[in-house]
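Participant: generate a structure from the sequence data that follows.
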Amino acid sequence: MRHHKAGFTLVELVVAFLILTVGVVAILELVGQSALNARYAQDKTTATTLAQQKLEELLAQPNLEVGETEGDFGDRYPQFRWRAQVSEVATNTSSLIANPSSLPLLRLSVVVEWRYRRRGQSVQLETLQSAFPLLHPQEAAMQQTEDMLPTVPGALPMGGEGQ
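Facilitator: Numbering: from 1, shown residues only. Modelled structure (predicted):
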């Protein structure tokens, strides 16, 4: 009579080991890729924040000059560089004739660049700036109506004391 021993054959062990190896390699690939994605997301968020800060710095300048400037963010963010461009937006000449006090709009563009996996990456933010505050059409109509109201000497302005 033959005795049948319970256990695994060498072929079964090799196949099981291969399946386990493929699974572990796939999991390690996913972990590595997610770490790279997290790093890219962090860099893009940092670049966007830096671009917003640089744009705010430009908007805070009282006399903004048309032209291009560039620089870096110092030792705190050595991998990031910025480039800013200020240009005039072409205006319709008929609007200048109708309203000679209107000044052209300025377009501000800030680009922050960095390298990620040996490839250049960038974030660009743009905005417009006017020398005069721009009003919503309803606000402009209300202001125009207030400007046309006659003033009475000694009268309290609307929204003054007693209201």
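
Participant: hang on, residue 105 packs against residue 90?
Facilitator: No: counting by Cβ atoms under 8 Å, residue 105 does not reach residue 90; the two are 9.2 Å apart. Yep, even glycine has a C-beta here, placed from its N, CA and C like the rest.

Participant: name the residues of the helix or strand containing residue 83 that are buried.
Facilitator: Per DSSP states H and E, residue 83 falls inside strand 77-88. Residues 77, 80, 81, 82, 83, 84, 85, 86 are the ones in strand 77-88 that count as buried (16 or more other Cβ atoms under 10 Å).

Participant: hey, C-alpha coordinates of it in CSV?
Facilitator: C-alpha atoms of strand 77-88 as CSV (Å, rounded to 0.1, in the frame of the first residue of the first chain):
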residue,chain,number,x,y,z
TYR,A,77,11.9,78.1,-2.1
PRO,A,78,15.1,77.6,-4.2
GLN,A,79,13.5,75.3,-6.8
PHE,A,80,11.0,78.0,-7.9
ARG,A,81,11.5,81.0,-10.1
TRP,A,82,9.0,83.7,-11.2
ARG,A,83,8.5,85.9,-14.2
ALA,A,84,6.0,88.7,-14.3
GLN,A,85,4.8,90.7,-17.3
VAL,A,86,2.7,93.9,-17.1
SER,A,87,1.2,95.1,-20.4
GLU,A,88,-1.5,97.5,-21.5
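
Participant: now do that strand: distance to the chain's middle.
Facilitator: Strand 77-88 sits 13 Å away from the centroid of its parent chain (Cα atoms, centre = their mean, to the nearest Å).

Participant: related to what we said a few turns ago, who has more neighbours out of residue 105 and residue 90?
Facilitator: Remark: of residue 105 and residue 90, residue 105 carries more neighbours, 16 against 9, as counted by other Cβ atoms under 10 Å.

Participant: which ones are touching that one?
Facilitator: 88, 89, 91, 128, 129, 130 (Cβ atoms under 8 Å, 6 or more residues apart in numbering).

Participant: which one (most neighbours) among those residues?
Facilitator: Neighbour-wise, the contacts of residue 105 (other Cβ under 10 Å) top out at residue 129, 15 neighbours.

Participant: how about the strands in this structure?
Facilitator: Using DSSP state E, the strands assigned to the chain run over residues 67-73, 77-88, 106-116, 119-129.
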